[in-house]
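> Below: sequence and its predicted model.
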Amino acid sequence: MIAVALRALRERWVAFAGTFVIIAVGVTQVAALGLTMAATGRDPAFDGVLDILAMTMVVTTFVSVFVIASTFAYSIAQRQREFALLRTLGSGPRRIAAAVYGEALLVAVSAGAVGCALAQPAATALLALLHGIGMVPEAPPVRYETEALVPALGTGVAVALAGVWGPARRIRRIKPIAALREASVDARAMTLGRWVLGLGCAALSAFAGYALLEASGDGVAPLTMGLGMSAIVAMGFLSPVVIPPLAAALTWPLRGLPGAGAMVVRAGMSAAVRRTAALCAPVLLTVGLFGIAIGLVSVVNGVAARAMAEWTSAEYTVTATGGGGLSREQVARLRALPGARTAVVREAEVGLGGVAHVVRVVDPEDAAAAIDPPADEGDFTALGAGGVAVDAATARDNGWRAGDEVVLRLPDGARVRARVAAVLAEGPYTPVTYVSAPLLAGHGTAPAPYAYVGADGPAEAAGAAGGDLGERLEAAVDTDTARVDPVGAIEPGREENNRMVLLIGAVLLGMALFCSCVAIANTLVMSTADRVRDFAALRLAGADRAQVLRLVAAEAVAVVGIGAFLGTAVTAVTLAPLATALGEGLSGVALSMPWWQLAVMTGVCAVIAVAAAVAPAAVATRTSPVQALGARE
């Protein structure tokens, strides 16, 4: 069977190329995480980054197992006659399955070796990027460490074997008589196993959705991703049920066009449902995972903004768009604006309980007139000249209660005593500790990232509601360096955090999306290369080469359309309970789907799919149809 595995790798190297790349990328990421942990040791400055890397590693592992399983499932479906012939020659299902495991093992070991080799430069580049955007201090040099590389290589092998386990089990259902089968029509696309696994994952998704409705704080993001991943798997297993009606719906508008193209596309997808499901799977994964990640950030931001709007009397926020904050001149113009009251929020790094925190520094009188965040204990309006309002997590970690006296380490190293005026309640907004400005007088603060502005008096409030105050605010500040938003449109002070989250997400989640895009190209190449005789039959029936290539492109676009529809459905199913859970008790919170981002990702998938399908089809149709029909399979 080793010889069979080696021969299969040589003859079907195209089918295994995508799997090789996916495993190599996954091993690179896991090994890079291990090398990063080894290089940074137990430095707490890197804890947040390592948490992000660990979450990304989980997502990449999920993507790897999903696409490897779908690739091997499709490969085994393509090779039914080959395996049936081996059964006819006396090979048992276990020996054939062993050969398939051998193929996966050979690919995994070689790809894992490449991934381990790339881990050190990948970890170095990642730490340099994070240092460049200010998320981590300068890291020590990253070196190859055996204790990090061996688990990464083992993870790659385990992922490959886990991905091939399900498809290999189906080999026992292949009968020797299948060697004589000529038809490619799927007699029964939905097996008992697909029903059980699909409905099981759907039940798991329902449980995760229920848990998400009750979740809060740090548990929201992992539960959302868990719900999304289980929903993607459930949709992947159950997709053969919906593919025929979706194929009919997609091609229905084209029925009036001359020719039989729409009918051939619809019939091809409906007859070969398993093949269509295998081709849709990576598109479903790519669009669904991308939509969930983008939607998670969008929903959290929207809910946070609405939550903050509930506890402020201001009408507008003025937010610095650069890293330097609002200038002194801008702050002075805001304070001098007639008919308006301004509460400027500054930033400073202050030690609380021995840990450095970036806190908000506010004038107690201005802040009390503009904002009143909900408190578990005490009252924010009682901040006074020497008070602090700490977030719930900081209070919990240090055992602080309202009325306690605490020691603050100021930016210049000085230490002062302060009174805990309030312990702020947790919410969907960013947890923040507020410090009274008189405590830091003369000890240094950073520029103001944002300010709350409200009307000062009922007449002015009526004018502000008509937009007059907003226009005057835009005239008072330089809109190239600051933005004016109605309260509830954005969460002020969150823009820089969002920029970093999106940048890191683009780099790290991009690895997983790259794997799924490779899977799209790989499965389309496998499918097209295996249909040489189908193309020859079409040409003998009267279609010319250009018509065949257009038909292949149309099928690829239709497959992407079905996969994108399923991915969008998964995104909606995932984001709906998230918006419901976070928006409980808030007005104006609605599910916001990232439509244009999903459209862009669908377009990217379509370009990849068409190129991956048409290129091998163009090569396959160079020979005459008679020669193609008579060629050995």
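Done, it's in.
> In the protein, mark out all the strands, start to finish.
Ranges of strands in the chain, per DSSP state E, are 316-320, 340-352, 355-362, 375-378, 387-391, 405-409, 415-424, 434-436, 446-455, 482-486.
> Switch those strands over to a markdown table; also include distance to Leu35, mean neighbour count and mean pLDDT.
C-beta here means a position set from N, CA and C on the backbone, and glycine is covered the same way. A markdown table is the format used below for the strands of the chain (distance: least, C-beta to C-beta, whole Å; neighbours: other C-beta atoms under 10 Å; pLDDT from 0 to 100):
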| stretch | distance to Leu35 | mean neighbour count | mean pLDDT |
| --- | --- | --- | --- |
| strand 316-320 | 37 | 24 | 84 |
| strand 340-352 | 30 | 21 | 85 |
| strand 355-362 | 27 | 18 | 84 |
| strand 375-378 | 42 | 18 | 88 |
| strand 387-391 | 34 | 25 | 89 |
| strand 405-409 | 34 | 16 | 89 |
| strand 415-424 | 39 | 19 | 89 |
| strand 434-436 | 39 | 25 | 89 |
| strand 446-455 | 34 | 23 | 81 |
| strand 482-486 | 40 | 18 | 82 |
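> show me where pLDDT drops low in the stretch 251-400 of the chain?
For the stretch 251-400 of the chain, applying pLDDT under 70 flags the ranges 254-262, 271, 322-323.
> Ok, which of the strands of the chain comes nearest Glu145?
Minimum separation from Glu145 across the strands of the chain (C-beta to C-beta) falls at strand 355-362, 29.0 Å.
> out of the strands of the chain, nearest to Ala606?
Across the strands of the chain, Ala606 has its closest neighbour in strand 482-486 (34.9 Å, C-beta to C-beta).
> who does the longest helix along the chain touch, helix- and strand-wise?
Scanning the chain for the longest helix, with DSSP state H as the assignment, gives helix 93-132. Contacts defined by 3 or more C-beta pairs under 8 Å, 6 or more residues apart in numbering; DSSP states H and E place helix 93-132 against helix 2-11, helix 13-40, helix 47-78, helix 80-88, helix 146-169, helix 495-529.
> Of those helices, which is nearest Ala119?
helix 13-40 (3.3 Å).
> Contact partners for Ala564?
Ala564 sits next to Val283, Leu284, Val287, Leu598, Met601, Thr602, Cys605 when contact means C-beta atoms under 8 Å, 6 or more residues apart in numbering.
> hmm, back to that, point out the most buried one among the helices and strands packed on helix 93-132.
Highest mean neighbour count among those (mean count of other C-beta atoms under 10 Å): helix 13-40, with a mean of 23.
> Surely Val299 touches Ser592?
Yes. Assessed by C-beta atoms under 8 Å, Val299 is found in contact with Ser592 at 6.4 Å.
> hey, what's in contact with both of these two?
Contact criterion C-beta under 8 Å, 6+ apart; residues shared by Val299 and Ser592: Ala579.
> separation between Cys605 and Gly567?
9 Å (C-beta to C-beta, to the nearest Å).
> got the helices and strands packed on helix 93-132 as JSON lines, with distance to Pro374 and mean pLDDT columns?
Shown next, in JSON lines, are the helices and strands packed on helix 93-132 (distance: least, C-beta to C-beta, whole Å; pLDDT from 0 to 100):
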{"stretch": "helix 2-11", "distance to Pro374": "62", "mean pLDDT": "67"}
{"stretch": "helix 13-40", "distance to Pro374": "37", "mean pLDDT": "79"}
{"stretch": "helix 47-78", "distance to Pro374": "26", "mean pLDDT": "74"}
{"stretch": "helix 80-88", "distance to Pro374": "63", "mean pLDDT": "78"}
{"stretch": "helix 146-169", "distance to Pro374": "44", "mean pLDDT": "83"}
{"stretch": "helix 495-529", "distance to Pro374": "21", "mean pLDDT": "71"}
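> wait, Ala519 sits on Ile22?
Yes. Here Ala519 reaches Ile22: they are 6.7 Å apart, a contact under C-beta under 8 Å.
> Gln120: what's it in contact with?
Contacts here follow C-beta under 8 Å, 6+ apart; on that basis Gln120 touches Ala32, Leu35, Val142, Arg143, Tyr144.
> Read off the pLDDT value for it.
Gln120 carries a pLDDT value of 91.
> That one and Ala414: what is the separation?
Distance from Gln120 to Ala414, by C-beta to C-beta: 43 Å.
> what's the residue nearest to Ala422 when sequence neighbours are not counted in contact with, if anything?
Counting by C-beta to C-beta, 6 or more residues apart in numbering, Gly378 is the residue found nearest to Ala422 once chain neighbours are left out, at 3.5 Å. Going by C-beta under 8 Å, 6+ apart, Gly378 touches Ala389, Ala402, Gly403, Val420, Ala421, Ala422, Val423.
> next one: Ala512
Thr56, Val59, Thr60, Phe62, Val63, Leu289.
> Could you export those to JSON lines, including columns for distance to Ala73?
Formatted as JSON lines, the contacts of Ala512 follow (distance: C-beta to C-beta, whole Å):
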{"residue": "Thr56", "distance to Ala73": "26"}
{"residue": "Val59", "distance to Ala73": "21"}
{"residue": "Thr60", "distance to Ala73": "20"}
{"residue": "Phe62", "distance to Ala73": "16"}
{"residue": "Val63", "distance to Ala73": "16"}
{"residue": "Leu289", "distance to Ala73": "19"}
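> For this structure, which residue occupies the most central location?
In the chain, the C-alpha nearest the mean C-alpha coordinate belongs to Ala293, at 3.4 Å (C-alpha atoms, centre = their mean).
> thinking again about what came up before, for the strands of the chain, give me CSV that also has distance to Glu310.
Output for the strands of the chain, formatted as CSV (distance: least, C-beta to C-beta, whole Å):
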stretch, distance to Glu310
strand 316-320, 14
strand 340-352, 17
strand 355-362, 18
strand 375-378, 14
strand 387-391, 17
strand 405-409, 28
strand 415-424, 14
strand 434-436, 17
strand 446-455, 14
strand 482-486, 14
